[in-house]
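[1] fold the following, please.
(chains A, B and C)
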Amino acid sequence: MNLQFIVDGLISGSLIGLGAIGITLTYSILRFSNFAHGDFMAWGAYGTLSVIAAIGALVGTTAPIGALSFGWPLIAATLIGMILTACLALLLDWLLFARLRDKGQSIIVVMASFGASMALRSLLEFIFTSSPTYFSRGIQMAIPIGLGIRITPDQMVMLATTVILVTAMHLFMSRSQTGREMRAYSQNPALARVVGIDTARVVRATWIIGAALACAAGVMVGILVQIRPLMGLDLLLPMFAAAILGGIGSVPGAVLGGLIIGLSEAAAVQLIGAEWRAAIAFAILMAVLLVRPMGLFGRAER
Amino acid sequence: MIDLLGYGAFFMSSALIFGLIALGLNLQWGQTGLFNVGIAGFVAIGAYTSAILTTPDTADRIGGFDWPILAGWLAAAFVTAAAAAFTGFATLRLKSDYLAITTFGVAVVVQLVALNAQSLTGGPFGVAFIPRPFASLQDQPALFNFINLGVIAAVTIAVYLALEHLSRSPWGRVLKALREDERAAISLGKSARSYRIQAFAAGGAVMGLAGAVQAHFIGFIAPNGYLPTLTFQVWAMLMVGGSGSNRGAILGSVVVWAIWVGAGAFSAAVVPGDWQARAASLQIVAIGVMLCLILLWRPQGFFGPNGFLGKRRS
Amino acid sequence: MSILDVPILDVRGLIAGYEPGLSIVKGASIHADEKEIVVILGPNGAGKSSFIKAIAGLVPITGGEVLLDGKDITYGAAHLRVRQGLAFVPQTENIFPLMTVEENLRVAGGVLPRAEVQSRIDEAYTMFPDLARQRKLAAGSLSGGQRQMLAVGRALIVHPRVLMLDEPSAGLSPKFVEMVFTRLNEIRRAGLTIVLVEQNARAALAIGDRAYVLVEGREAHEGRAATLWDDPVVAELYLGQRRHA
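    Now for the predicted structure:
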């Protein structure tokens, strides 16, 4: 077996994992499965693309950094895109989700997220059409790193970025006051209010973090593959499966779940063919639900 | 004039097939509170089952068993019910979100199988030459349209009456109790789960039957007929009609299908060619926004028992 | 209480319930003065727990007033009440089980200046040395009595003026009940006002100054804690029911 699947799997796994962090936080804190989360990825990627265009119009063309396919405008644009995506999530919460949450039926919120997802995705198709687009059309040379494995400079940087983001997230959740408040709220919302936690702030933080990470993941998909309005929808099932496999509410679990799914998918592509890739996440999801529904790091649902 | 009537019959036939799917969804969601995001997948299972069983033998595909149409429909309902029952079995002891995610996955996988299991499903080209009921009348288009409408209306009415009867039966009353009173659900314990699985399977059977009826109405199926948009349309139909009401499910389907077809015809006439695809996207945006607005302001829908009277607001 | 004094906690004609039109608390009034322990008693289903939760901001209030030190906080959010000095310890699920003991304390210090949080946590450890030994343990692994201590210690982190507790002795062994009430008495002597709802009337009245009997969502009687037990009216209202039961 060609070991190349390890690199491919780690990369798609980190993208799935980054997205799954948002899913798992939304589920454990806002208490619903957000079907629009994938669309935050797509919106983040398109938003970043638009900001790059704006930067390009202002300062002209810029050279890429080293052997990478992109230059500083992409980095700056991604940061702005993360803010924009967070604003989109907060807007959606204010218009839709918060109002339905107050009515107390969580499955109605899930349905609303499904409707919002359709609308968001089609709106992207309306604005940008459904044909794929790219951050850069240049071809990158893959560097051999031994054992028959090759990796491009872009891929290396994306892996490193994922490690940094996930470590930062983990430290944030375990060490910062906001992270503690988010964990407290996810364990017992009423008690969180009793101990003086501003729950509106926790909800805001959850949306901001989830959406910003979704945008980062969306940009990475855009750099490594392509940008399409459907890119988020295609990743939705793997992200849900990763969040459930890792154990709902667990940030390291979501990332580990993402890596397991990414690696399984990459292995399956080699063994049974690329066309069945999307079925792997479903197979893992069913196995987890039947055998250990609380996931690897999860606790039993109350 | 006869053309217009013929088109009317064609329109109503399509609308009633949606009505049939919406009836299945109403049993799952409206009566039992089970959230299905993979409607398209279950409809596709029914459509492909019947298509494979009833088409004449072909060289390039497994299947083509040349069964009678009615047998194909029954098999479609049965196979889809089994798929729904398994989905329910795996998820219904967990929080409702897991069912939603899993049904979403079912739709993804069914789509994948339809596309890739070429020897069974014909791949992207789908299955053609699905026998149509009363095909001998095909050379008289108007009459044929009306006969089709008659067949579809008969199936819809039969399913409607059966569901109405079910919802008033002791079984239906247990479902209602399960949905409205969490304590009742807990006191029923394990059997609560089994009631929910039964309801989910029965709803799946109706969806599978609808998929089969549609396949035989059009005579041709392909994977792109079962995209998430279908799921979404049916949800909009049930929510407009009023979830919980079988009458609302059917009326909502006719109304939303009319809006959908009307908006399509309007944009085809008004929007220049290269913008057509974009206009079609806006159609979906509009339905998505409508679904959200209904959830926010009129969760009881428009055509159910609480529709025009507006007695209850939740 | 003289007429000129403003009670530190003054609840007037409170109406509250989870659903509109279905009030559980139907016009109850109590007040508590500085350094006072006020006990709320009542038969099962009298609405004691909903009453104290409504004061804490956890049950929607539809009428009446809650004044803290003369300030109207009736419709303030629960987390703001804590910041204004009204702390509450729920009866059950009163700790975050998946966080460590120390994190449980720290999470309540969000409104304090960063530098002060550690000294407040140390105060809690001084008061409950058991907690200091288990600071790194998941709170979910603590015994019932230790959980109660953690919950009380956490409520005190912000130095509230009024501490409200919902049945602090429920489910505890007699040894722990005694310890909890001894601690509450110490806390009061240190300057806090305490309001507690209790089933364990004898233990509560032993440290209480004043007591109310809540019946059907209203206060039906008020009296000195020391003599309440023998009051024939109370026997009729509550203790009588209990003795017959």
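[2] show me the strands in chain C, by range?
    C:9-16, C:25-32, C:37-41, C:61-68, C:71-72, C:86-89, C:162-166, C:193-197, C:210-215, C:218-224 (DSSP state E).
[3] residue A:209: which of those is closest?
    Across the strands of chain C, residue A:209 has its closest neighbour in strand C:86-89 (29.1 Å, Cβ to Cβ). For the C-beta atoms, the positions are set from N, CA and C on the backbone; glycine is no exception.
[4] how distant is the closest one from the center of its chain?
    From the chain centre to the centre of strand C:86-89 is a distance of 6 Å (Cα atoms, centre = their mean, to the nearest Å).
[5] can you list the residues of chain C near chain A?
    C:56-58, C:77-79, C:82-83, C:88-90, C:93-99, C:103, C:106-111, C:154-155, C:158 (Cβ under 8 Å from any Cβ of the partner chain).
[6] residue C:139 against residue C:102, yeah?
    No. Applying Cβ atoms under 8 Å as the test, residue C:139 and residue C:102 come out as separate, 9.4 Å apart.
[7] tell me which residues touch residue A:22, please.
    A:34, A:37, A:40, A:209-211, A:213-214 (Cβ atoms under 8 Å, 6 or more residues apart in numbering or on different chains).
[8] same check, this time on residue B:163
    So residue B:163 contacts B:23, B:26-27, B:206, B:246 (Cβ under 8 Å, 6+ apart).
[9] okay, now residue 48: neighbour count?
    In the absence of a named chain, chain A is used. By the criterion of other Cβ atoms under 10 Å in any protein chain shown, residue A:48 has 30 neighbours.
[10] you looked at the wrong chain, it should be chain C
    So residue C:48, with other Cβ under 10 Å, has 27 neighbours.
[11] give the contact list for it.
    Residue C:48 neighbours (Cβ under 8 Å, 6+ apart): C:40-42, C:197, C:214.
[12] one step back: ChimeraX command to pick out the buried ones of the residues of chain C next to chain A?
    What follows is the ChimeraX syntax selecting those of the residues of chain C next to chain A that are buried according to 16 or more other Cβ atoms under 10 Å in any protein chain shown:
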select /C:56,57,58,78,79,82,83,88,89,90,94,95,96,98,99,103,106,107,108,109,110,111,154,155,158
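[13] name the helix or strand of chain C that has the lowest mean pLDDT.
    The weakest-scoring helix or strand in chain C, judged by mean pLDDT, DSSP states H and E, is helix C:240-244 (a mean of 48).
[14] the bottom helix or strand of chain A by mean pLDDT?
    Lowest mean confidence among the helices and strands of chain A (mean pLDDT, DSSP H and E): strand A:143-144, at a mean of 82.
[15] tell me what it is packed against?
    Applying 3 or more Cβ pairs under 8 Å, 6 or more residues apart in numbering or on different chains; DSSP states H and E, one finds that strand A:143-144 contacts strand A:150-151.
[16] the very next helix or strand once past the strand it packs on - what's its average pLDDT?
    On the C-terminal side of strand A:150-151, the nearest following helix or strand under DSSP states H and E is helix A:153-175. The predicted model assigns helix A:153-175 a mean pLDDT of 92.
[17] pull out the buried residues from the helix or strand just after helix A:153-175.
    Proceeding N to C from helix A:153-175, the next assigned helix or strand is helix A:177-187, under DSSP H and E. Neighbour counts using 16+ other Cβ under 10 Å place A:178-187 of helix A:177-187 among the buried residues.
[18] stretch A:290-300 now?
    Residues of stretch A:290-300 classed as buried: A:293, A:295-298 (neighbour count, 16+ other Cβ under 10 Å).
[19] sheet partners, orientation included, of the least confident helix or strand of chain A?
    Here strand A:143-144 has these sheet partners by DSSP bridges: strand A:150-151 (antiparallel).
[20] contacts for the partner strand?
    Residues outside strand A:150-151 that contact it (Cβ under 8 Å, 6+ apart) are A:4, A:7, A:142-145.
[21] can you check stretch B:268-279 too?
    By Cβ under 8 Å, 6+ apart, the surrounding residues in contact with stretch B:268-279 are A:125-126, A:129-130, B:267.
[22] of those residues, just say which sits nearest to chain C.
    Chain C has its nearest neighbour among the contacts of stretch B:268-279 in residue A:126, at 40.1 Å by Cβ to the nearest Cβ.
[23] the closest one in helix, strand or coil?
    helix (DSSP: H, G, I helix; E, B strand; the rest coil).
[24] how about the helices of the stretch 201-314 of chain B, start to end?
    For the stretch 201-314 of chain B, the helices defined by DSSP state H, counting those that start in this stretch cover B:228-241, B:246-270, B:276-297.
[25] give me the angle between the longest one and helix B:276-297.
    For the pair helix B:246-270 and helix B:276-297, the angle between their directions (axes from the mean of the first three to the mean of the last three Cα atoms, to 10 degrees) equals 150 degrees.
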